[in-house]
Every structure is written in C-alpha cells, then in structure tokens.
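Peer 1: Sequence and predicted structure are below.
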Amino acid sequence: MDKKITGIISYITIIGWLIAFFVGDKEGAKQHLNQGLLLALIELACSVAGSILAFIPVINVIAGIVFGLVGICSLVLAIIGIYYAATDKNEALPFIGGITLLK
C-alpha cells in the first residue's frame, strides 16, 4: 500500500490501523499511523471508563454525555485525519497532534 492508502486506513478502527501498520508504508504515513493509534486508544479508554461507570446511577448520565461528546470529537478528528491523508497533507490533528506514541 502506498502512503495515502495507509494513512486513510489507519483512521478506520483499530483493525484498520493494524492492517495499515503491518502491510502499509510505515515511513510515509508515520504521522497518520500515530494519530490513528492515539484516536483508537482514546476511544478504547472512553469505552472502558463508560462501562465501569455505567453501574453508578447518577454518574452514569453525566458519563454518558461526556463520553458521547468525546466520541463525537474523535469521529470528527478521524474525518479530518482521513481528509489530510487523502490530500497528502502531513499536518497534525487539532488537540492531539502534538502527542507522539510511535517513533
């Protein structure tokens, strides 16, 4: 896979990220792989925290709203990342672009 396809697939769920990481152009799409992994980890953390807090009645409503907003924000960031990858822009995503997980 070339770097454009690798970058696009890296934002589509954790399975897409794994495919892009193991099959795709790692060097060409390193920033997109990093940001896709970060988004997947944020979504996973919100899912786990939401599942844990679901058992507390009062916090359940507040947590549902907060984690729902985080989910919407991560979806918007993934769409922005897919746009950047499709247009060969090597720009960082807003809010999370400065965090580096992959060297």
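Peer 2: Nice, I can see it.

Peer 1: Give me the distance between the residue positioned nearest the centre of the chain and Phe95.
Peer 2: Residue closest to the average C-alpha location in the chain (C-alpha atoms, centre = their mean): Leu39, at 2.0 Å. Plainly put, Leu39 is 11 Å away from Phe95 if you go by C-beta to C-beta, to the nearest Å. Just so you know, the C-beta spots here come from the backbone N, C-alpha and C atoms, and that holds for glycine as well.

Peer 1: buried residues in stretch 95-103?
Peer 2: Residues 96-97 are the ones in stretch 95-103 that count as buried (16 or more other C-beta atoms under 10 Å).

Peer 1: do the same with stretch 49-62
Peer 2: Using 16+ other C-beta under 10 Å as the test for burial, stretch 49-62 gives 50, 53.

Peer 1: Ends of it, what's the gap?
Peer 2: End-to-end distance of stretch 49-62 (C-alpha to C-alpha, to the nearest Å): 12 Å.
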